[in-house]
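Q: test case, fold it:
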Amino acid sequence: MIKRLSDLEQYLRERNVKTRLVVVAAQDENVIEAVVKAKKTGIVDVTLVGNQKIIEDVFTQHNYDLSGMDIINEENNSLAGVTAVRLIKEKKAHILMNGQESYFGASLISKPILDKQNGIVKGKTMSHVAVFELENYHKLVAITDVAVNIAPDLKAKAAIISNAVFLMRRFGIETPKVAVLAAIEVVNDKMPATMDAAMLSKMAQRGQIKNCIIDGPLAFDNAISEKSALQKGIISEVSGDVDILLAPDIETAGTLYQSFMFFANAHVASITVGASAPVVLTTKLDTLETRFNSILLSASTYLT
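A: Okay, here's the model as predicted:
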């Protein structure tokens with residue numbers, strides 16, 4: 001079982017994982033830096049779709065090795081997204097990544113992914129999973145959904161959990177433990193998040209959500225601390241040993257994500273899952289380490 005993100009590269013090497021990454025509008029210097037580092041691992045091959053001249057200028061400016069990388073010249077960023085998704089659909093690439101780190105850059109990928117005729121979603125629920133390595137926690141922990149589903153209903157939450165479970169099982173965690181977060185740890189019919197949490201817990205017990213243990217509602221303190229749970233009279237096999245934190249909405253997930261990053265100095269990798277290929281969506285705030293880890297996290301989805 002992987003307990004640190006820094007172990008992921010060796011973990012993938014030992015299992016001979018080999019994938020191809022395709023980058024949309026690939027002329028961003030930060031993204032190229034991460035892609036070059038990922039290529040050196042031998043785990044991912046790379047196709048860059050974008051303005052070839054700008055891409056080659058970045059490689060020249062930073063003295064990066066362009067050998068072994070494919071470039072598809074497409075100066076129209078929107079068409080670059082269409083081209084990249086087509087490569088995924090034709091199984092000529094396995095991972096999508098945005099090369100323009102902005103809201104618009106994300107849409108360059110999301111629109112062709114969701115296209116009803118040529119997209120790659122196949123009717124499933126897509127969701128974002130962020131995996132954190134924290135100094136004061138004994139293993140990796142995931143937060144979902146930080147970036148895709150704004151206010152998921154019960155059905156969407158079940159799908160979001162299944163996506164996160166799929167990812168964490170790639171790390172060797174056979175039965176991930178899921179805490180369904182709410183403001184309080186008791187069911188209150190005036191607080192829909194607690195009602196959803198109770199139903200999700202029962203759905204897992206009945207086998208409707210597979211390969212995981214779900215408990216909730218749990219407040220954040222008794223999800224991550226067994227001592228806190230016991231002080232409140234909660235006996236749970238999830239408390240203090242949680243693998244996945246399911247947030248009730250995107251605001252809660254985003255706040256947790258940013259708190260971990262800015263107050264806990266956490267290491268993180270994050271991807272979007274649920275389509276026929278994982279998607280790496282990075283921002284200007286991400287570090288080289290985060291971009292690199294996110295690429296490797298995507299490659300881990302091809303572990304059996």
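
Q: how about the helices in the stretch 1-150 of the chain?
A: In the stretch 1-150 of the chain, the helices defined using DSSP state H, counting those that start in this stretch lie at 8-14, 29-40, 52-62, 77-89, 103-114.

Q: relative to residue 178, which of those helices is closest?
A: Among those, helix 8-14 comes nearest to residue 178, with 21.4 Å by Cβ to Cβ. To be clear about C-beta, it is placed using only N, CA and C from the backbone, and glycine gets the same treatment.

Q: show me what the closest one is packed up against.
A: Counting contacts by 3 or more Cβ pairs under 8 Å, 6 or more residues apart in numbering; DSSP states H and E, helix 8-14 is packed against helix 288-300.

Q: now for the residue lying closest to residue 267 once chain neighbours are set aside, how many residues are close by?
A: Sequence neighbours aside, residue 133 is the residue nearest to residue 267 in space, at 4.1 Å (criterion: Cβ to Cβ, 6 or more residues apart in numbering). A count of neighbours around residue 133, defined by other Cβ atoms under 10 Å, yields 22.

Q: same question, residue 150
A: As a burial measure, residue 150 scores 10 neighbours (other Cβ under 10 Å).

Q: over to residue 62?
A: 11.

Q: my guess is it meets residue 33, correct?
A: Yes: the pair residue 62 and residue 33 qualifies as a contact (Cβ atoms under 8 Å) at a distance of 7.3 Å.

Q: just put the helices of the stretch 1-150 of the chain in JSON lines and tack on distance to residue 292 and mean pLDDT.
A: Output for the helices of the stretch 1-150 of the chain, formatted as JSON lines (distance: least, Cβ to Cβ, whole Å; pLDDT from 0 to 100):
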{"stretch": "helix 8-14", "distance to residue 292": "9", "mean pLDDT": "94"}
{"stretch": "helix 29-40", "distance to residue 292": "5", "mean pLDDT": "95"}
{"stretch": "helix 52-62", "distance to residue 292": "16", "mean pLDDT": "95"}
{"stretch": "helix 77-89", "distance to residue 292": "20", "mean pLDDT": "92"}
{"stretch": "helix 103-114", "distance to residue 292": "18", "mean pLDDT": "72"}
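
Q: just put those helices in CSV and tack on distance to residue 242.
A: CSV is the format used below for the helices of the stretch 1-150 of the chain (distance: least, Cβ to Cβ, whole Å):
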stretch, distance to residue 242
helix 8-14, 20
helix 29-40, 29
helix 52-62, 41
helix 77-89, 32
helix 103-114, 28
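
Q: which of these is buried the deepest?
A: helix 77-89 (a mean of 21; mean count of other Cβ atoms under 10 Å).

Q: buried ones in stretch 198-218?
A: 198-201, 203-204, 209, 212-218 (16 or more other Cβ atoms under 10 Å).

Q: those in helices, which ones?
A: The helices, defined by DSSP state H, take in 198-201, 203-204 from the buried residues of stretch 198-218.

Q: with the residues you listed in mind, which one is nearest to residue 43?
A: Among these, residue 204 lies closest to residue 43 (Cβ to Cβ), at 33.0 Å.

Q: number of residues surrounding residue 155?
A: Residue 155 has 9 neighbours, counted by other Cβ under 10 Å.

Q: how is it assigned, secondary-structure-wise?
A: Following DSSP: H, G, I helix; E, B strand; the rest coil, residue 155 is assigned to helix.

Q: now it: how far from residue 36?
A: Using Cβ to Cβ, to the nearest Å, residue 155 is found at 41 Å from residue 36.

Q: from residue 234, how far off is the most centrally placed residue in the chain?
A: By Cα atoms, centre = their mean, the chain has its centre lying nearest to residue 271, at 2.4 Å. Residue 271 sits 32 Å away from residue 234, going by Cβ to Cβ.

Q: now do the contacts for residue 154.
A: 196, 199-200 (Cβ atoms under 8 Å, 6 or more residues apart in numbering).

Q: now, which of those residues sits nearest residue 86?
A: If you rank those by distance to residue 86 using Cβ to Cβ, residue 200 comes first, at 36.4 Å.

Q: I figured that closest one hits residue 180, correct?
A: Yes: contact criterion Cβ under 8 Å: residue 200 and residue 180 qualify, at 5.3 Å.

Q: give me the common contacts of the two.
A: 157, 214, 216, 246.

Q: the second one against residue 201, yeah?
A: Spelled out, that is residue 214. Yes: with contacts counted by Cβ under 8 Å, residue 214 reaches residue 201, the gap being 4.9 Å.

Q: so for the two, which residues contact both of them?
A: Counting by Cβ under 8 Å, 6+ apart, the contacts common to residue 214 and residue 201 are residue 180.

Q: relative to residue 164, how far out is residue 289?
A: Residue 289 is 22 Å from residue 164, by Cβ to Cβ.

Q: quick one: contacts for the residue nearest to residue 54 when sequence neighbours are not counted?
A: Leaving aside its sequence neighbours, residue 54 sits nearest to residue 27 (Cβ to Cβ, 6+ apart; 4.1 Å). The neighbours of residue 27, taking Cβ under 8 Å, 6+ apart as the test, are 50-51, 54-55, 58, 99-100.
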